[in-house]
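Visitor: Structure for this input, please:
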Amino acid sequence: MHQLSYLIAHFGYMGIIIALIGGIIGLPIPDEVLLTYVGYNVFQGNMSFIPSLFCAAIGACGGISLSFLLGVKLGVPFLNKYGPKLHITEARVNRTKKLFVKMGPFLLFIGFFIPGIRHITAYLAGINSYSYKKFALFAYSGALIWCFSFITLGRVLGENWTEVGAYFSRYSIFLIILFILLTIIFYTYRRKRRVGLRTP
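Guide: Model prediction:
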């Protein structure tokens, strides 16, 4: 918490960009807490909403793009060697690989809201030579909605913004369960639609 307040106090909007780039590529920065704290600063009048959202989006998109580029240029050896140093465990990589094969675009979009997933999806997209246009469409859209959601939450909660970190870590498992349910619903619908199109 002290580090976040120092970062915002001394670097302002640029601090948001720097912190989110680092957090997205895997450095131990509490991204959701940072965004909520930015929202709290908006609530206090220390920052403006639109510039804060703009800088947060730049940071998130910059971080996810850097991860994608590292995946393209350095591939699997980089992830295996440096993943643990970036808190990207082998178990997380394997789990995300399976999900990515089935639903890459959806995972890029919604993965920002799932701890441990957003840090890996862009690497995998790059490793798998994913189309940059397709990657950018889903990843940048997800980044913008993610930033907007948590900055707005911090702004709405005001003095109670600190509760977000505790609740998010406590209930993140429910987000994962919800994500899995949505995935099942999405693919069930998609399969039925394909069968319907094939039926004369």
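
Visitor: Could you pull out the helices in the chain for me?
Guide: Under the criterion DSSP state H, the chain contains helices at 2-25, 31-44, 49-82, 90-110, 118-127, 132-157, 163-198.

Visitor: Which secondary structure elements does the second one sit against?
Guide: It stands for helix 31-44. Judged by 3 or more C-beta pairs under 8 Å, 6 or more residues apart in numbering; DSSP states H and E, the packing partners of helix 31-44 are helix 2-25, helix 49-82, helix 132-157, helix 163-198. All C-beta atoms are positioned from the backbone trio N, CA, C, and that covers glycine.

Visitor: hmm, who's touching the shortest one?
Guide: Defining contact as C-beta atoms under 8 Å, 6 or more residues apart in numbering, one finds that helix 2-25 is touched by 29-31, 33-35, 37-38, 41, 46-47, 51-52, 55-56, 58-60, 62-64, 66-67, 70, 86, 118-119, 122.

Visitor: Filter those residues down to just the buried residues.
Guide: 29-31, 33-35, 37-38, 41, 47, 52, 55-56, 58-60, 62-64, 66-67, 70, 86, 118-119, 122 (16 or more other C-beta atoms under 10 Å).

Visitor: Burial check on Ser131, number of neighbours?
Guide: Residues near Ser131, counting by other C-beta atoms under 10 Å, number 9.

Visitor: do the same with Phe54
Guide: 16.

Visitor: Hmm, Gly126 and Gly71 touching each other?
Guide: Yes: counting by C-beta atoms under 8 Å, Gly71 touches Gly126, with 2.3 Å between them.

Visitor: Low-confidence ranges, this protein, go.
Guide: 1-4, 76, 78-103, 115-116, 164-187, 189-200 (pLDDT under 70).

Visitor: Please repeat the previous calculation with a cut-off of 80.
Guide: 1-9, 26-30, 73-107, 110-111, 113-120, 127-129, 161-200 (pLDDT under 80).

Visitor: Leaving out the residues flanking it, which one is nearest to Ser48?
Guide: Val42 (6.9 Å; C-beta to C-beta, 6 or more residues apart in numbering).

Visitor: ignore the last one, Ala122
Guide: Using C-beta to C-beta, 6+ apart, the closest residue to Ala122 is Ser67 (3.6 Å).

Visitor: Identify the residues contacting the one you found.
Guide: Here Ser67 is in contact with 24-26, 119, 122-123, 126 (C-beta under 8 Å, 6+ apart).

Visitor: Looking at those residues, spot the one nearest Trp146.
Guide: Ile24 (10.2 Å; C-beta to C-beta).

Visitor: give me the number of residues near that closest one?
Guide: Ile24, neighbours per other C-beta under 10 Å, totals 24.

Visitor: just Gly15 next, same as before
Guide: Gly15: 19 surrounding residues under other C-beta under 10 Å.
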